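# would you be able to build a 3D model of this:
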Amino acid sequence: MTDTDAAADGRPMRRRDAVATRQSLLSAARTLMAERGVAGVSTREVAATAGVNQALVYRYFGSKDELFAEAARDSAMHSSDFFHNTPLPDIAPALLGSTRDDEAHATVARYLLAANDDVVREILRGRIQEYFGAILAARMPAPDAALRAELLAALVAGIGFLRDRIQTGELAAVDDTTLHAYVRRMIAPLLEPE
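Residues are numbered from 1 along each chain as shown. From the prediction side, this is the model:
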């Protein structure tokens, strides 16, 4: 599928790949969201960064909020299959290991930097409730499975934030094997009922 995009200076129309255009807009939105948050970015800036006409933002997404909501959803974060199939003791170490990956790290950083925006906060809340509060909690023994699953999310987010964003001394320097061994010991009480 292709779209036509009129150049701002009146040059002839050119054909554009719709899938590539959508991806360019999503990528630009994620980049700008990380820099300034949703409120600090205009659709004009997103379109300019993507190299397309501003009208295409509305054609593909309907509104600025929908663009940023999709940009936040369309990320390198783990899928629901990960939460359904990964052995419980491996969840936190695997999530922490994935934040070392450049794309996953960049995605987590974007979310954390933009978490003060209502749109992004709602996406984060939905992801945590779906992945931890529903899927993971259903796999954990009662009582308080949902609470323990959210505590696991808080543990992963806190460690990841301090290690990767704040880069505190020991935590930033520790190797993954040592970190994962400590994390497994920390999460063991969360995985078993009292």
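# quick check: Gln54 touching Arg44?
Yes. If you go by Cβ atoms under 8 Å, Gln54 and Arg44 touch, sitting 5.1 Å apart. The way it works is simple: take the backbone N, C-alpha and C, and place the C-beta from them, glycine included.
# and the two? Which one has more around it.
Set Gln54 next to Arg44 and count neighbours by other Cβ atoms under 10 Å: Gln54 wins out with 16 against 10.
# what separates the residue lying closest to that one once chain neighbours are set aside from Thr21, distance-wise?
Nearest residue to Gln54, sequence neighbours excluded (Cβ to Cβ, 6 or more residues apart in numbering): Ala47, at 4.1 Å. Remark: distance between Ala47 and Thr21 (Cβ to Cβ, to the nearest Å) = 10 Å.
# same thing with Arg73?
18 Å.
# next one: Glu70
13 Å.
# who's more crowded, the two?
Neighbours were tallied for Glu70 and for Thr21 using other Cβ under 10 Å; the higher tally belongs to Thr21 (23 against 18).
# so where does the more buried one fall, helix or strand?
Using DSSP states H and E, the element containing Thr21 is helix 18-36.
# tell me which strands and helices that helix is in contact with?
With contacts defined as 3 or more Cβ pairs under 8 Å, 6 or more residues apart in numbering; DSSP states H and E, helix 18-36 has these neighbours: strand 2-5, helix 43-50, helix 55-61, helix 64-73, helix 102-114.
# you'd agree the residue nearest to Gln54 is up against Leu56?
Yes. Using Cβ under 8 Å, Ala47 is in contact with Leu56, at 6.6 Å.
# joint contacts of these two?
Leu25 (Cβ atoms under 8 Å, 6 or more residues apart in numbering).
# tell me the confidence at Lys64?
In this model, Lys64 is scored at 89, pLDDT.
# ditto for Tyr60
Taking Tyr60 on its own, its pLDDT is 96.
# next, the contact list for it, please.
Counting by Cβ under 8 Å, 6+ apart, Tyr60 makes contact with 18, 21-22, 25, 67.
# hmm, try it at 6 Å
The contact partners of Tyr60, taken as Cβ atoms under 6 Å, 6 or more residues apart in numbering, are Arg22.
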